[in-house]
Every structure is written in C-alpha cells, then in structure tokens.
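S.K.: I would like the atomic coordinates for the input below:
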Amino acid sequence: MLEELRRQLAEVGPATFTARDYRRATVRHVVLFRYRDDVTEEQQQEVLRRFRALADSERDGERYVVSIEAGEQASGEGAAPFRHGIVVTFASEGDRNYYVGTPVLDDPAHLDPAHARFKEFVGPLLHPTDGVLVFDVVA
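M.R.: As a prediction, this is how the structure comes out:
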C-alpha cells in the first residue's frame, strides 16, 4: 500500500494529494500501540491524552479530524500484546494523507506538524519490533 500511495503522490503532487477534497470518503485510521516493558502507566496515559488532543488539529483555520476514539484493549479475542487502540476518522483520503505525513511524504508544507510532533514523542515509548500497527479502512 505504501508504494501505491507514493505512486499517487508522484502522479498528482503533494498539494492535491493532501487536499481536503482528494478522494472524499470516510477513512478510519486504526492505530494499535504496544509499549516497551519499562513504560509507566502515567506515560501510557499521557500518550492517550496527547493523541486525543490531535482531534483539535487545524489546517487552514479549520478542524479537519472528524473524530478520535481511544481506549484500552478490552477484547478476549487475542488482541495482545497491544494495549491501546485509537480510531481516527477523516472525511477524505487527502485529510488522512495530510495527517499521516511520513513515510509517504515529508514536505512540511503538506503535513500536520502536531501529528509529526506526536510521533516523535511516542516513538521511543513503543516496543522496538512491533510497537505499532496501523490499518486504514476507506468506505
């Protein structure tokens, strides 16, 4: 999928690829976190607090994240080792592309600086081999 997104980016350019109306659809960006063993409960709760705050992110003076739902793993169906799950909803693939930024694009003019800072914060807290799972559903 990464290669397909990079192909789209090369084809349409970063301004179109991250435009609010690029491929309008409901996009659910699902993120699961597994923390390093030495990460405290307080640090984990700070991750959730900072992630939820991304719902207030703006581009061009308007919020662009439809919603963020976040919480602890509560299933008995074998979701371990992931501790927290987050679902971020967007109104278009362009909004999702702007939010995600790297590794698809790295032009600071076309990515959310708040999300980029969050990724820098959370990265060192995650398990080194399988600390995050990301899955996007486009409907």
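S.K.: poorly predicted segments of the protein, please.
M.R.: 79 (pLDDT under 70).
S.K.: all strands for it, in order.
M.R.: Here the chain has its strands, by DSSP state E, at 24-33, 58-59, 62-63, 67-72, 84-92, 132-138.
S.K.: what does stretch 11-18 rub up against?
M.R.: Stretch 11-18 has contacts (CB atoms under 8 Å, 6 or more residues apart in numbering) with Gln8, Leu9, Tyr22, Gly94, Asp95, Asn97, Tyr98, Leu105, Asp107, Ala109, His110, Leu111. In this view, the C-beta of every residue, glycine as well, is placed from N, C-alpha and C.
S.K.: how about the strands of the chain in a markdown table, adding mean neighbour count?
M.R.: Listed next are the strands of the chain as a markdown table, based on neighbours: other CB atoms under 10 Å:
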| stretch | mean neighbour count |
| --- | --- |
| strand 24-33 | 17 |
| strand 58-59 | 14 |
| strand 62-63 | 8 |
| strand 67-72 | 13 |
| strand 84-92 | 19 |
| strand 132-138 | 13 |
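S.K.: between those, which one is closest to Arg49.
M.R.: Arg49 sits nearest to strand 67-72 of all those, at 9.3 Å, using CB to CB.
S.K.: which of the contacts of stretch 11-18 sits closest to Val87?
M.R.: Among the contacts of stretch 11-18, and counting by CB to CB, the member closest to Val87 is Asp95, at 14.6 Å.
S.K.: how far away is that closest one from Phe82?
M.R.: Noted for Asp95: a distance of 25 Å to Phe82, by CB to CB, to the nearest Å.
S.K.: please identify which of those two sits among more neighbours.
M.R.: Set Asp95 next to Phe82 and count neighbours by other CB atoms under 10 Å: Asp95 wins out with 26 against 19.
S.K.: quick one: contacts for the more buried one?
M.R.: Asp95 touches Thr18, Arg20, Val27, Tyr64, Val65, counting by CB under 8 Å, 6+ apart.
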